[in-house]
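K.L.:
what follows is a predicted protein model with its sequence.
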Amino acid sequence: MGADVIVVEPPTGSTDRARPPFVDDLPGVDRSLRWWAGNVGKRSVTVDLRTDAGQRDLAALIATADVVIAGSDRCEDVDYAACASRDARLVWVSVSPFGLGSVRSGQPATDLTMLAGGGPVWNCGYDDRTLPPIRGAGDQSANIAGMYCAIGALVALAHRDRTGQGQLVDVNVNAACNVTSEQTTYHWLVNQDICLRQTGRHAYPTRSSPVQVRCADGHYATTGVLPRKQEDFARLLAWLDELGLSEELPEAVFLELAAGREEPVDLAMIGVDDETTAILSAARDAIRLIASRLPAKEFFVTSQRRGFPCGAVLPPHEAFDDEHTIARGFHVPVPHPDLDRTITYPGTPYLFSATPPAAPTRPPLLGEHNALLDDLAERPR
């Protein structure tokens, strides 16, 4: 998005460079797909912070920066206070497991412990309470913290634009995970209520209606809220008729009843009012029956066209290769001269009419831009 981002690594490379999977399943510091995913468009310099020269290089690099993102308020002997004393406009964002000065700062932390201790794991899992909770894949705690890191940096930059003053932003990963736990934390704090995990739905103290349906091809779709208005039920009946399924659903009589009502069906009356409960149960059965006769993608597209909320649950590669994704320009070819090939990357998830982002460039090779340090060394101190 226009920023010049320089990642500072030890001479042996960031530990992310050693994380699988690798291109063509061949390990190497420049072949980790995890590294690629997080470092598109950046530049890489290597600095040995165990040496005085390395610390001088880092300090000189920071002197050119608008924003520093680090795991603390210091990197060896290079710290925020000293850098800010030389440049009052510097914004330094510290992202650490428990925040600066925490009594827990010395405790080990992993993505699992952050998500479990912070709360999101409690939200994630299935209606079957005999099954354990589930951690979402993909380093979610790092992504959650990264979101708050970006927000904190932008707020600090907006403040600096008005006042000329930079600041230290302290991002606590555990706290970030906790406030991302939807309703779970505040339901406990306010009501002493425990939210229950529910398959593909918001965790809540009471059960909600299932929204996943299994389609004809074995894939799943998620259907969102049930129909409520007169015209919704009429469209659902028409869909059943067109597919020749009306005779298979005796409960369709309740859909006919709802199609003749003037007032919308009140979802809050499920389990309270018998007629409402029967109508919405019939609607759920109708949607499940239709889904069982259509492939997930067709069910999704047809549902949307008929005005019913729905989404096909696709594996990542199928979602990436979806025709809408391609038509929107999300596929971006990125040359990799080091591999003698071009690889398709995901582009930005938003479009700007006046300030389109530059095309992404491949992630940096280890130490690829160390010449930057040589240029800084030649500048007068």
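P.N.:
That came in fine, so what should we check first?

K.L.:
thought Asp266 was touching Thr276?
P.N.:
Yes - with contact defined as CB atoms under 8 Å, Asp266 counts as touching Thr276 (6.3 Å). C-betas here are computed from N, CA, C, even on glycine.

K.L.:
quick one, which of the two is more surrounded?
P.N.:
Thr276 (18 against 12; other CB atoms under 10 Å).

K.L.:
in a helix, that one, correct?
P.N.:
Yes - assignment of Thr276 by DSSP: H, G, I helix; E, B strand; the rest coil places it within a helix.

K.L.:
now for this structure, the helix or strand with the poorest mean pLDDT.
P.N.:
In the chain, no helix or strand scores lower on mean pLDDT, DSSP states H and E than helix 371-378, which sits at a mean of 83.

K.L.:
how about that helix as CSV, C-alpha atoms only?
P.N.:
The C-alpha coordinates for helix 371-378 follow below in CSV (Å, rounded to 0.1, in the frame of the first residue of the first chain):
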residue,chain,number,x,y,z
ALA,A,371,23.6,-2.5,0.3
LEU,A,372,21.2,-0.2,2.2
LEU,A,373,23.5,-0.6,5.2
ASP,A,374,26.5,0.3,3.1
ASP,A,375,24.8,3.4,1.9
LEU,A,376,23.9,4.4,5.5
ALA,A,377,27.5,3.9,6.6
GLU,A,378,28.7,6.3,4.0
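
K.L.:
that helix packs against which elements?
P.N.:
If contacts are counted by 3 or more CB pairs under 8 Å, 6 or more residues apart in numbering; DSSP states H and E, helix 371-378 sits against strand 43-46, helix 52-62.

K.L.:
and the angle for that helix with helix 52-62?
P.N.:
Counting by axes from the mean of the first three to the mean of the last three CA atoms, to 10 degrees, helix 371-378 lies at 90 degrees to helix 52-62.

K.L.:
and Gln198, how many neighbours does it have?
P.N.:
For Gln198, using other CB under 10 Å, the count is 19.

K.L.:
kindly report the same for Asp375.
P.N.:
Number of residues near Asp375 (other CB under 10 Å) recorded here: 10.

K.L.:
swap in Asp273?
P.N.:
Count around Asp273 with other CB under 10 Å applied: 13.

K.L.:
which ones are touching the closest residue to it other than its chain neighbours?
P.N.:
Nearest non-adjacent residue to Asp273, counting by CB to CB, 6 or more residues apart in numbering: Asp266, 7.8 Å away. Counting by CB atoms under 8 Å, 6 or more residues apart in numbering, Asp266 makes contact with Arg228, Asp273, Thr276.

K.L.:
okay, Asp266: pLDDT?
P.N.:
pLDDT, the model's per-residue confidence, is 83 for Asp266.

K.L.:
kindly report the same for the one 4 residues further on.
P.N.:
On the pLDDT scale, Ile270 is placed at 80.

K.L.:
next one: it from Ser209, what distance?
P.N.:
From Ile270 across to Ser209, the span is 7 Å (CB to CB, to the nearest Å).

K.L.:
quickly list what's touching both of those two.
P.N.:
Joint contacts of Ile270 and Ser209 (CB under 8 Å, 6+ apart) are Leu280.

K.L.:
in CSV: the helices and strands packed on helix 371-378, plus distance to Asn143, mean pLDDT and mean neighbour count.
P.N.:
As requested, these are exported to CSV (distance: least, CB to CB, whole Å; pLDDT from 0 to 100; neighbours: other CB atoms under 10 Å):
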stretch, distance to Asn143, mean pLDDT, mean neighbour count
strand 43-46, 21, 97, 20
helix 52-62, 25, 94, 18
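
K.L.:
in TSV: the ones you listed, plus distance to Thr302.
P.N.:
Converted to TSV, those look like this (distance: least, CB to CB, whole Å):
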stretch	distance to Thr302
strand 43-46	47
helix 52-62	55
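
K.L.:
out of those, which comes closest to Val332?
P.N.:
For Val332, the closest of the helices and strands packed on helix 371-378 is strand 43-46, at 19.0 Å, according to CB to CB.

K.L.:
all strands for the stretch 101-250 of the chain, in order.
P.N.:
Using DSSP state E, counting those that start in this stretch, the strands of the stretch 101-250 of the chain run over residues 168-172, 196-198, 201-204, 212-214, 220-222.

K.L.:
picking that back up, same list, the contacts of Asp266, but as JSON lines with distance to Gly307 and pLDDT please.
P.N.:
Shown next, in JSON lines, are the contacts of Asp266 (distance: CB to CB, whole Å; pLDDT from 0 to 100):
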{"residue": "Arg228", "distance to Gly307": "12", "pLDDT": "86"}
{"residue": "Asp273", "distance to Gly307": "25", "pLDDT": "84"}
{"residue": "Thr276", "distance to Gly307": "21", "pLDDT": "86"}
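
K.L.:
same list (these) but as JSON lines, adding distance to Val40.
P.N.:
Output for those, formatted as JSON lines (distance: CB to CB, whole Å):
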{"residue": "Arg228", "distance to Val40": "43"}
{"residue": "Asp273", "distance to Val40": "54"}
{"residue": "Thr276", "distance to Val40": "51"}
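
K.L.:
just give me the closest of these to Ala358.
P.N.:
Arg228 (45.5 Å).

K.L.:
residues in contact with the closest one?
P.N.:
Residues near Arg228 by CB under 8 Å, 6+ apart: Pro264, Val265, Asp266, Leu267.

K.L.:
any idea what the closest residue in space to Ser102 that isn't next to it in sequence is bridged to?
P.N.:
Spatial nearest neighbour of Ser102, excluding adjacent residues (CB to CB, 6+ apart): Asn172 at 7.4 Å. For Asn172, the beta-bridge partners are Ser96 (DSSP bridges).

K.L.:
residues in contact with Asn172?
P.N.:
Contacts of Asn172 were listed using CB under 8 Å, 6+ apart, and they are Ser96, Pro97, Phe98, Gly99, Ser102.

K.L.:
hmm, which of these are the buried ones?
P.N.:
By the neighbour-count criterion of 16 or more other CB atoms under 10 Å, those include these buried positions: Ser96, Pro97, Phe98, Gly99.
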